[in-house]
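Participant: requesting a structural model of the entry that follows:
(one chain, ligands or ions: 1)
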Amino acid sequence: MLRVVILISGQGSNLRAFLDSCAEGTIPATVVAVGADVDVSGLDHARHYDIPTFVEPLESGGDRDAWGTRLGDRIAEFTPDLVILSGFQRLVPPAFVRRFAPMLLNTHPAYLPEFPGAHAVRDAVEAGVTETGATVIVVDNGVDTGPILAQRRVSLIDGDTESTVHERIKIVERELLADVVRDLADRETAIEEN
Ligand code: GAR
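Facilitator: Residues are numbered from 1 along each chain as shown. Here you go, the predicted structure:
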């Protein structure tokens, strides 16, 4: 069983799907802790499963590197094999990436390298594209630039709003993340360093 720490910044619907799949035995992983940068409602999904939670805020104007060290220390207490950013809306500093990558994944609601950044779904809708997508990457020091592990297209349909298409994207994100974690568990080896 892979030991996984998941970081969120919001409602955590993808986290909930991941936890449900672990409980059903369809993802061979144990979520050992869930962390956030703010005290968000999504942490309740972890509490529902009696999984430890922690909050490590980055104060405005705070030292990002020091925050990254504190966040990394909280995670390291749980000795994870894998760390997943699942709707975590903070860029993590380079030392954090060095500490956990390549076993540090991020799910992104677009077909990278299209629409990187914090507003990927809104950007796709405003660009008027007919399809966008979902991607799972290894985190590197860029903004959504790391190696792509899995991705799939999602079509925009007439009348779609940011929220309707985002809900369909999230369904795909959940499937892709489950596939990637199953693959990692099967390999019994870490992702190769590039
Ligand atoms: C997901 O679509 C995730 O890919 C996205 O936030 C959403 C979280 O939804 N992440 C990013 O945009 C990262 N920049 P959730 O809180 O309902 O799981």
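Participant: quick one: contacts for the residue of the chain found nearest the ligand?
Facilitator: Closest to the ligand within the chain is Gly87: 2.7 Å, counting by C-beta to the nearest ligand atom. Yep, even glycine has a C-beta here, placed from its N, CA and C like the rest. Taking C-beta atoms under 8 Å, 6 or more residues apart in numbering, we find Gly87 in contact with 8-12, 14-15, 42, 107.
Participant: export those to JSON lines and tack on secondary structure and neighbour count?
Facilitator: Formatted as JSON lines, these follow (DSSP: H, G, I helix; E, B strand; the rest coil; neighbours: other C-beta atoms under 10 Å):
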{"residue": "Ile8", "secondary structure": "strand", "neighbour count": "28"}
{"residue": "Ser9", "secondary structure": "coil", "neighbour count": "16"}
{"residue": "Gly10", "secondary structure": "coil", "neighbour count": "16"}
{"residue": "Gln11", "secondary structure": "coil", "neighbour count": "14"}
{"residue": "Gly12", "secondary structure": "coil", "neighbour count": "23"}
{"residue": "Asn14", "secondary structure": "helix", "neighbour count": "23"}
{"residue": "Leu15", "secondary structure": "helix", "neighbour count": "25"}
{"residue": "Gly42", "secondary structure": "coil", "neighbour count": "23"}
{"residue": "Thr107", "secondary structure": "strand", "neighbour count": "24"}
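Participant: tabulate those residues (TSV), appending distance to the ligand.
Facilitator: Converted to TSV, the contacts of Gly87 look like this (distance: C-beta to the nearest ligand atom, whole Å):
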residue	distance to the ligand
Ile8	6
Ser9	7
Gly10	4
Gln11	4
Gly12	5
Asn14	3
Leu15	6
Gly42	6
Thr107	4
